[in-house]
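S.K.: With the sequence up front, the predicted model follows.
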2 protein chains.
Amino acid sequence: MTTKTSKPEHPLKAVGEFGLISKIQTWFDEPTSDLLGIGDDCTVIPREDDRLDLITTDMLIEETHFLLDKIEPEDLGHKSLAVNLSDIAAMGGTPEYAWLSIGLTEKNDIGWLEQFFSGMKDLAKQHGVRLLGGDTTRSQKHMVINILVSGKTNSPGLKLRSSARVGDIVFVTGMLGDSGAGLQLLLNNQFPGESPAEQKLIKAHNRPDPCVIQGQWLGGQSAVHALIDVSDGIASDAGHIAARSGLGIDLELTKLPVSNELTEISGKYGWSAIDLACSAGEDYVLLGTCSPSEFDGICESYRKAFPDDGPSGGNHPEPDLFPIGYVRKHDEQRPPVRFLQDGSPAPYGSRGFDHFKV
Amino acid sequence: MTTKTSKPEHPLKAVGEFGLISKIQTWFDEPTSDLLGIGDDCTVIPREDDRLDLITTDMLIEETHFLLDKIEPEDLGHKSLAVNLSDIAAMGGTPEYAWLSIGLTEKNDIGWLEQFFSGMKDLAKQHGVRLLGGDTTRSQKHMVINILVSGKTNSPGLKLRSSARVGDIVFVTGMLGDSGAGLQLLLNNQFPGESPAEQKLIKAHNRPDPCVIQGQWLGGQSAVHALIDVSDGIASDAGHIAARSGLGIDLELTKLPVSNELTEISGKYGWSAIDLACSAGEDYVLLGTCSPSEFDGICESYRKAFPDDGPSGGNHPEPDLFPIGYVRKHDEQRPPVRFLQDGSPAPYGSRGFDHFKV
């Protein structure tokens, strides 16, 4: 017998988070013809007729994903559900049911919990999601929230990461980098934010609006091929589409949609707005690819379908599909995702645009 | 705005775990005619034809539910899935798919994780359960495991806590108290146990065998009415059947099945074997109620169906249905669950049989 709490021989940080996920994926059951298994935003289980069940789950842990004194309980309840609804949206699906497991510490009193549930239930109601049950338990040190959401779509409506095609236009459904800037403000102890701009960026981080109705709408468009939600940041999420489609993606830096608030606050603190837009993640907009010949028509229909910020567009006041790049063939000589400025590769590295100030 | 980390005004411990669960239940969506909602071992969702989907989820947190230096990683992987399979069994169902969310600390190295997954996958394979995906994340302090299992049954096979009838015989499918004694040994730093008896009790706690095939079999018997798994302890779990059926239950102390190992080790350390059998929980045997006129016939068929300890009977070497009491009408003058000795009430209180040594 070994002592399990000894110093790790193969510590996780040597493998990295994506290395670890790849490793763990090999321990799960193989996707088969009747199931699409893991590796996309949701598990897909075919049911009767043309119905497909979608399942997704996300775990949020205090100190890793949130700090209790830097988020309102209503917002944490909202966000915990939102990140799962975003995964259903990214498959072109409709969410139906949710299950919550929650590990509570002494810091979570009844009043706090009532507000937490209020935030979660308001979002659930907005999208017709029924909160059906789960598990309540005690945690000694940090609060833990795990939500699983099930939903549905059908075969024509299903949007996979692996469906991008060469020549597709790459688009996003909203602003990039706001959430990352909000996180930076929280880490700098700016909660709840001095100015309206700071408050809006913090809200983008603490209370993201999942693009549920947008995802359903995009699911109904045959010209939209691949779809994913922006949780890790577009550098990473575009990389998931590229990898699973066996293709490459070029993104044009000047086309990334950046909010006035992000520009203002980046100027105030000397941050790179473009770095945040490319890599910060947690914006929970959708990132998709679309047949180039049909993109203009799709954009026009999209603007008509979402004439204002609508029921779930609070963080996305200018509903639009923003073209930000193209899908190309995979090429061993180039990274799977390249950032271009005026057609030339921009020096984006693992630490962002170290030599590229915007 | 309130400071969320201030001293709780209504601390959770003043409400208690079951009080908290009752409170939280009021925040979930109401069960409706098309769904049975929460309050049983699983959520039940009717699908096409006669099919019913079953969903259950359980969260295990380090220091609350397990200590990393007192359980083998294979056993923790096994147990994390087993407690969920037990809930499916308690509905008379067949498990199909599992999703795992896992929060890892620096103590969980790759070797540890391989063994953890090995234990979980062996149990999944044994019961034909496919591990489809989940979420992998970092936890700063304590490891967190959340598993959700989905399964199926049909209307005649569904066994609810609310279906007990007056006069029913109350039975269990295996020994009581072994897991509680195993936990006591672990808390006394006896891991992995000096003697074979101690090792067996620790195994009952660290590696419980869910009664999946027994639950499926009982699901096929129309004379079996209510069913639950023994997770909280029979005092509590029989109480769940009594409460949801609107009835009372009398249990005869001398009929509780207690293993030779529990008797031996209780004698060695001066524990009350009966206290452990009544209240300790986590035995993950099934507790059911059966029409009295058909009980003998059901027992005979059960022994034929499970002639030896079978694929999931490792902790239940003498497969049998052990009658331990009766369902009676609810009576305001009596507690919902009473323990009797030779027909007279035994003085069982919130701290067990304080004045009743066996």
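M.R.: All right, it came through fine. Numbers count the residues shown, from 1 in each chain, chains lettered A, B, ... in the order given.
S.K.: Secondary structure class of the spatially most central residue of chain A, three-state.
M.R.: The residue lying closest to the centre of chain A (Cα atoms, centre = their mean) is A:S231, at 2.7 Å. Here A:S231 is recorded as coil under DSSP: H, G, I helix; E, B strand; the rest coil.
S.K.: ok, it - contacts?
M.R.: A:83, A:86, A:237, A:281-282, A:284 (Cβ atoms under 8 Å, 6 or more residues apart in numbering or on different chains). For every residue, glycine as well, the C-beta is placed using N, CA and C.
S.K.: Mind picking the two most distant members of the residues you listed?
M.R.: A:V83 and A:D237 (13.5 Å; Cβ to Cβ).
S.K.: what's the spacing between the closest residue to chain B within the stretch 151-300 of chain A and A:G151?
M.R.: Nearest residue of the stretch 151-300 of chain A to chain B: A:P192, at 7.0 Å (Cβ to the nearest Cβ). Distance of A:P192 to A:G151, given as Cβ to Cβ, to the nearest Å: 32 Å.
S.K.: neighbour-wise, which of the two wins?
M.R.: A:G151 (28 against 15; other Cβ atoms under 10 Å in any protein chain shown).
S.K.: Just the buried positions in the host helix or strand of that one, please.
M.R.: Element membership for A:G151, per DSSP states H and E: strand A:144-154. Within strand A:144-154, the residues scored as buried using 16 or more other Cβ atoms under 10 Å in any protein chain shown are A:144-153.
S.K.: what about it and chain B, touching?
M.R.: Yes - using Cβ under 8 Å from any Cβ of the partner chain, strand A:144-154 reaches chain B at A:144, A:146, A:148.
S.K.: Counting by contacts, list what the helix or strand just after that strand packs against.
M.R.: Counting by DSSP H and E, the element after strand A:144-154 in chain order, helix or strand, is strand A:169-172. The helices and strands touching strand A:169-172, judged by 3 or more Cβ pairs under 8 Å, 6 or more residues apart in numbering or on different chains; DSSP states H and E, are strand A:286-290, strand A:322-329.
S.K.: Which single one of the buried residues of strand A:144-154 is nearest to B:S101?
M.R.: Nearest to B:S101 among the buried residues of strand A:144-154: A:N146, at 4.9 Å, using Cβ to Cβ.
S.K.: Model confidence for the closest one, exactly?
M.R.: pLDDT for A:N146: 97.
S.K.: That one against B:N146, yeah?
M.R.: Yes - counting by Cβ atoms under 8 Å, A:N146 does reach B:N146; the two are 4.1 Å apart.
S.K.: follow-up on the earlier one: could I get the phi/psi values of the residue nearest to the centre of chain A?
M.R.: Reported as degrees, to the nearest 10, the phi and psi values for A:S231 are phi -110, psi -40.
S.K.: now the contacts of A:S231 as a markdown table including secondary structure?
M.R.: Output for the contacts of A:S231, formatted as a markdown table (three-state DSSP):
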| residue | secondary structure |
| --- | --- |
| A:V83 | helix |
| A:S86 | helix |
| A:D237 | helix |
| A:G281 | coil |
| A:E282 | coil |
| A:Y284 | coil |
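S.K.: Out of those, grab the one that's most surrounded.
M.R.: A:S86 (29 neighbours).
S.K.: For it, give its distance to B:T105.
M.R.: 27 Å.
S.K.: Could you do A:N260 as well?
M.R.: The spacing between A:N260 and B:T105, counted by Cβ to Cβ, is 41 Å.
S.K.: if you count what's nearby, which of those two comes out ahead?
M.R.: A direct count of neighbours by other Cβ under 10 Å for A:N260 and B:T105 places B:T105 higher, at 17 against 10.
S.K.: That one touches B:H142, doesn't it?
M.R.: Yes - between B:T105 and B:H142 there is a contact under Cβ under 8 Å: 6.8 Å.
S.K.: got any residues that touch both of those two?
M.R.: Common neighbours of B:T105 and B:H142 (Cβ under 8 Å, 6+ apart) are B:E62.
S.K.: Surely A:W217 is in contact with A:I298?
M.R.: No - using Cβ under 8 Å as the test, A:W217 is too far from A:I298 to be in contact (9.7 Å).
S.K.: Quick check on A:H205: phi, psi?
M.R.: According to degrees, to the nearest 10, A:H205 has phi -80, psi -40.
S.K.: so how far is A:F191 from it?
M.R.: Using Cβ to Cβ, A:H205 is found at 10 Å from A:F191.
S.K.: Of these two, which one has the most company?
M.R.: Set A:H205 next to A:F191 and count neighbours by other Cβ under 10 Å: A:H205 wins out with 25 against 19.
S.K.: Spit out the contact partners of that one.
M.R.: The neighbours of A:H205, taking Cβ under 8 Å, 6+ apart as the test, are A:178-183, A:186, A:282.
S.K.: Equivalent analysis for A:A124, please.
M.R.: Listed by Cβ under 8 Å, 6+ apart, the contact set of A:A124 reads A:81, A:98, A:130-131, B:29.
S.K.: just checking, what packs against whichever strand or helix holds A:G180?
M.R.: Assigned by DSSP H and E, A:G180 falls within helix A:178-187. Helix A:178-187 makes packing contacts with helix A:196-206, helix A:260-269, helix A:273-279 when contacts are defined by 3+ Cβ pairs under 8 Å, 6+ apart.
S.K.: Contacts for the shortest one, please.
M.R.: For helix A:273-279, contacts defined as Cβ under 8 Å, 6+ apart pick out A:176-177, A:180-181, A:184, A:233-236, A:251, A:253, A:256-258, A:262-263, A:266, A:339, A:348, A:352-353, A:356, A:358.
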